[in-house]
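Asker: sharing a model that was predicted from the sequence below.
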There are 2 protein chains.
Amino acid sequence: MSDLQIRPAVAGDIPAIVALLADDPLGAQRESPDDLVPYLTAFERLAADPHQHPTVAVRDDRVVGTLQLTIVPGLSRRGATRSIIEAVRIHADERGSGLGSRLIEWAVEESRRLGCQLVQLTSDVTRTDAHRFYQRLGFQPSHVGFKLTL
Amino acid sequence: MSDLQIRPAVAGDIPAIVALLADDPLGAQRESPDDLVPYLTAFERLAADPHQHPTVAVRDDRVVGTLQLTIVPGLSRRGATRSIIEAVRIHADERGSGLGSRLIEWAVEESRRLGCQLVQLTSDVTRTDAHRFYQRLGFQPSHVGFKLTL
């Protein structure tokens, strides 16, 4: 396989990112790849916030993975800054290729570079394969993740 | 009891916030209330980021509760913006008084006002009382929360 590039997402990546978000058992129910307007609007919010790092993995000019890294300063843990990883998706063609590990390892290194002392993420309780994957990468399942839809 | 005020934290609140963070079975091991310098530095980072809302609950000029609300734009869920609640602490004198519910309900309302479609938080697996508390407030324990310390 040819070289992989991991870089900041740009507006032109939105169709490919949304296709990845939707190609997923949970995402299929909550994304609308036929209507990109809300995603383009949201991308403007992301682009305006220097603590948001929407990211793509690209191979042969094709977006094959994505995640969003967010930097969150805080007071707890002696004023620790943490990063949060959200919306991790790997193209079906690339699953099992090690791309997921490379993307998460990139996010961990980027978090370190940006001064974070902690990286955190949540994963739906039904994604048991993902849970094993994160534990292999050194993440501890130390918390329960709660959500409230407004 | 006299009226409660919920307001943005200011630098002068840091000693009281750190005392709350440390007065906790987990916080006792990871906070340093005798050295406020890292907290004051961290507060400057929070104050410089318009998406961070460090918050205190005050009664009779005394900080009796705190939380941090963070607004995170995103692409997933049709470009949903979510909020994240971190570092929730209630003074020992006020536990069981309903202050925790008032503070979380405030954070939910503030999230709605700021355009969020989702509120999320994680809670250490050992905090089983907190888990029941969040479920009573409508939060679903739908996720596993992973952390990696750098």
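Answerer: Perfect, I can see it now. In this text the structure is predicted, and so the values were computed from the model without any measurement. Numbers count the residues shown, from 1 in each chain, chains lettered A, B, ... in the order given.
Asker: for chain A, give me the ranges with low pLDDT.
Answerer: Chain A contains residues with pLDDT under 70 at A:1-2.
Asker: what sits against the residue nearest the centre of chain A?
Answerer: When CA atoms, centre = their mean is applied to chain A, the residue found nearest the centroid is A:L67 (2.1 Å). By CB atoms under 8 Å, 6 or more residues apart in numbering or on different chains, A:L67 lies in contact with A:55, A:85-89, A:103-104, A:107. C-betas here are computed from N, CA, C, even on glycine.
Asker: hmm, who's touching the strand or helix carrying A:H53?
Answerer: Here A:H53 sits within strand A:52-59, counting by DSSP states H and E. Under the contact criterion CB under 8 Å, 6+ apart, strand A:52-59 has outside partners A:1-9, A:13, A:16-17, A:43, A:46, A:63-71, A:94, A:99, A:102-103, A:106-107, A:110, B:72-73, B:75.
Asker: how about a cut-off of 6 Å?
Answerer: Strand A:52-59 is touched from outside by A:2, A:4-6, A:9, A:13, A:46, A:63-70, A:103, with contacts defined as CB atoms under 6 Å, 6 or more residues apart in numbering or on different chains.
Asker: in the biggest helix by length in chain A, what's buried?
Answerer: In terms of residue count, the longest helix belonging to chain A (DSSP state H) is helix A:99-113. Within helix A:99-113, the residues that count as buried by 16 or more other CB atoms under 10 Å in any protein chain shown are A:99-100, A:103-104, A:106-108, A:110-111.
Asker: Three-state assignment for the closest residue to A:R30 other than its chain neighbours, please.
Answerer: Sequence neighbours aside, B:R77 is the residue nearest to A:R30 in space, at 5.2 Å (criterion: CB to CB, 6 or more residues apart in numbering or on different chains). Three-state assignment for B:R77 (DSSP: H, G, I helix; E, B strand; the rest coil): helix.
Asker: SS state for the residue nearest to A:S111 when sequence neighbours are not counted?
Answerer: Spatial nearest neighbour of A:S111, excluding adjacent residues (CB to CB, 6+ apart): A:S83 at 3.9 Å. Using three-state DSSP, the structure places A:S83 in strand.
Asker: who's in contact with the residue of chain A most remote from its centre?
Answerer: Residue distances from the centre of chain A (CA atoms, centre = their mean) peak at A:R78, which lies 26.4 Å from the mean C-alpha position. Listed by CB under 6 Å, 6+ apart, the contact partners of A:R78 are B:32, B:38.
Asker: and it, how far from B:Q68?
Answerer: Distance of A:R78 to B:Q68, computed by CB to CB, to the nearest Å: 15 Å.
Asker: thinking again about what came up before, host element of the residue nearest to the centre of chain A?
Answerer: Under the criterion of DSSP H and E, A:L67 resides in strand A:62-72.
Asker: so how far is that strand off the chain centroid?
Answerer: Strand A:62-72 sits 4 Å away from the centroid of its parent chain (CA atoms, centre = their mean, to the nearest Å).
Asker: stretch A:34-49 now?
Answerer: Worked out by CA atoms, centre = their mean, stretch A:34-49 lies 16 Å from the chain centre.
Asker: neighbouring contacts of that stretch?
Answerer: With contact meaning CB under 6 Å, 6+ apart, stretch A:34-49 is reached by A:11, A:14, A:18, A:52, A:54, B:73, B:75, B:78-79.
Asker: need those residues in JSON lines (columns: distance to B:R127).
Answerer: JSON lines is the format used below for the contacts of stretch A:34-49 (distance: CB to CB, whole Å):
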{"residue": "A:A11", "distance to B:R127": "41"}
{"residue": "A:I14", "distance to B:R127": "38"}
{"residue": "A:V18", "distance to B:R127": "36"}
{"residue": "A:Q52", "distance to B:R127": "29"}
{"residue": "A:P54", "distance to B:R127": "32"}
{"residue": "B:P73", "distance to B:R127": "29"}
{"residue": "B:L75", "distance to B:R127": "31"}
{"residue": "B:R78", "distance to B:R127": "32"}
{"residue": "B:G79", "distance to B:R127": "32"}
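Asker: between those, which has the most around it?
Answerer: The most neighbours of any of those, using other CB atoms under 10 Å in any protein chain shown, belong to B:L75, which has 27 neighbours.
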